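> Pasting the sequence and the predicted model now:
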Amino acid sequence: MKKSLLGDFSPIDIDEMRPPGFQNEKSLSVTRSCDNVTAGKGWRKVTACPGCGSTLNKVVMTKCGIDIVQCGECSLGYAARFPVDSTDVYCHADYLPKARESYLKNIKYRMERFAGERIDILTKWLGKEPGNCTLLDIGCGTGWFLEYAKEKGFTVAGQELGRDVARFTSERLGIQVWSCPVAELEKHPGYDAITLFDVLEHTPDPAEVLNSVRRLMKPGGIALIFVPNLQSVGFSLLQQESALVAPAEHLFYFTRESMEKMAQKADLAVLDIETKGMDIPDLIAYYRDTKNDDAVTYFLTEFADVFQAVIDKSGYANHMRIVLQRPVE
């Protein structure tokens, strides 16, 4: 019965992705980023929904003194204040060391567990082999996914706002990595695939990014996007303690409805939406590191795969995966 319930579920290695101390380190990192913004050019108020323009909203959680609100019209979640200058976050002196420590220390596991899964999704919807495809990874970070995609045959390029991170990744992989905003990227003959893994929530104008994605994509090309799912078990139970709530960096928290409306405005067809998450790993980290509750930690760990598999299939996992396509004109 357990095997049937899990189906094609791929387990998460808790020790790799949520090692002891993760919750406390994440909390300190979020606070540090917010402090960097405050000490830099500061914050600006967001008085209307960046997705639809409505001023109707409700506060759903608060982190570091910043309200996270949900639009009453399109259901998009967003921070009530944005950094005035994103370089206070992504070009700060401690950003590259933080990025390298967070992503390169377990790069082998990330590539084995996540990169192959992402390539499988791309090839499924592209309908052709990687060797015949070009790929742009927006917000590529330290480039572990691009490294894997390149090995599989894709002709790859990246974009990363953090100048030091972009330079590091470009030199490490020997590929083009732009550090300008996506809207400023020059028109390529057209990419077969564009990926945005945990990126759209960082951008002050997701609609503009989706318009740029459409512009940079071949007709019939696809975009694979991962974003935080506000309507999830993880957010419902952990609220501001969720590892995904980071006001200086994560400006948005999406719902299926808000993603579908944004895609429609950008003239992109929605091919697929599903959820896969880290709800249970995040709960384990919280009860282990913050609450010091061994009993709950043990219980959640013992049944982690079953619980997460059920949450994923229900559509309420804390990461949403969206496949979009530029229509053939």
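That came through fine.
> Let me know the distance separating the nearest residue to Asp312 once chain neighbours are set aside from Phe299.
Take Asp312 and drop its neighbours on the chain: the residue closest to it by Cβ to Cβ, 6 or more residues apart in numbering is Lys276, 5.2 Å away. For glycine as for every other residue, the C-beta is placed from the backbone atoms N, C-alpha and C. Distance, Lys276 to Phe299, by Cβ to Cβ, to the nearest Å: 22 Å.
> Glu129 now?
Separation of Glu129 from Phe299 (Cβ to Cβ): 45 Å.
> same check, this time on Met111
For Met111, the distance to Phe299 - Cβ to Cβ - is 31 Å.
> ditto for Gly315
Using Cβ to Cβ, Gly315 is found at 24 Å from Phe299.
> ok, now Leu196?
Note on Leu196: its distance to Phe299, by Cβ to Cβ, is 35 Å.
> Have a look at the two and say which one is more surrounded.
Taking other Cβ atoms under 10 Å, Leu196 and Phe299 do not tie; Leu196 has more neighbours (27 against 14).
> which residues sit against the helix or strand that contains Asp15?
Here Asp15, judged by DSSP states H and E, is contained in helix 14-17. The contact list for helix 14-17 (Cβ atoms under 8 Å, 6 or more residues apart in numbering) reads Asn106, Tyr109, Arg113, Met278, Pro281, Ile284, Thr301, Ala304.
> strand partners of the lengthiest strand in the chain, parallel vs antiparallel please.
Assignment by DSSP state E gives strand 217-228 as the longest strand of the chain. Take DSSP bridges as the rule and strand 217-228 pairs in its sheet with strand 191-197 (parallel), strand 319-325 (antiparallel).
> to the chain's geometric centre, what's the distance from the first one?
With Cα atoms, centre = their mean, to the nearest Å as the basis, the distance from the averaged C-alpha position of strand 191-197 to the chain average is 13 Å.
> quick check: mean pLDDT across it?
Looking at strand 191-197 alone, the average pLDDT works out to 97.
> Tell me the pLDDT of the residue nearest to Phe145 when sequence neighbours are not counted.
Excluding the flanking residues, the one nearest Phe145 by Cβ to Cβ, 6+ apart is Ala115, at 5.3 Å. With respect to pLDDT, Ala115 scores 94.
> same thing with Ser4?
59.
> Alpha carbons of stretch 150-167, as PDB, please.
The C-alpha coordinates for stretch 150-167 follow below in PDB (Å, rounded to 0.1, in the frame of the first residue of the first chain):
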ATOM      1  CA  LYS A 150      25.300  21.300 -20.600                       C
ATOM      2  CA  GLU A 151      26.500  17.800 -19.900                       C
ATOM      3  CA  LYS A 152      23.200  16.500 -21.300                       C
ATOM      4  CA  GLY A 153      23.700  18.300 -24.600                       C
ATOM      5  CA  PHE A 154      21.800  21.600 -24.200                       C
ATOM      6  CA  THR A 155      23.500  24.700 -25.600                       C
ATOM      7  CA  VAL A 156      23.300  26.900 -22.500                       C
ATOM      8  CA  ALA A 157      23.500  30.400 -21.300                       C
ATOM      9  CA  GLY A 158      22.600  32.100 -18.000                       C
ATOM     10  CA  GLN A 159      21.400  35.300 -16.400                       C
ATOM     11  CA  GLU A 160      22.200  36.300 -12.800                       C
ATOM     12  CA  LEU A 161      21.700  39.800 -11.300                       C
ATOM     13  CA  GLY A 162      24.500  39.300  -8.700                       C
ATOM     14  CA  ARG A 163      27.500  40.500 -10.700                       C
ATOM     15  CA  ASP A 164      30.000  38.500  -8.600                       C
ATOM     16  CA  VAL A 165      27.900  35.400  -8.800                       C
ATOM     17  CA  ALA A 166      27.400  35.800 -12.600                       C
ATOM     18  CA  ARG A 167      31.200  36.200 -13.100                       C
END
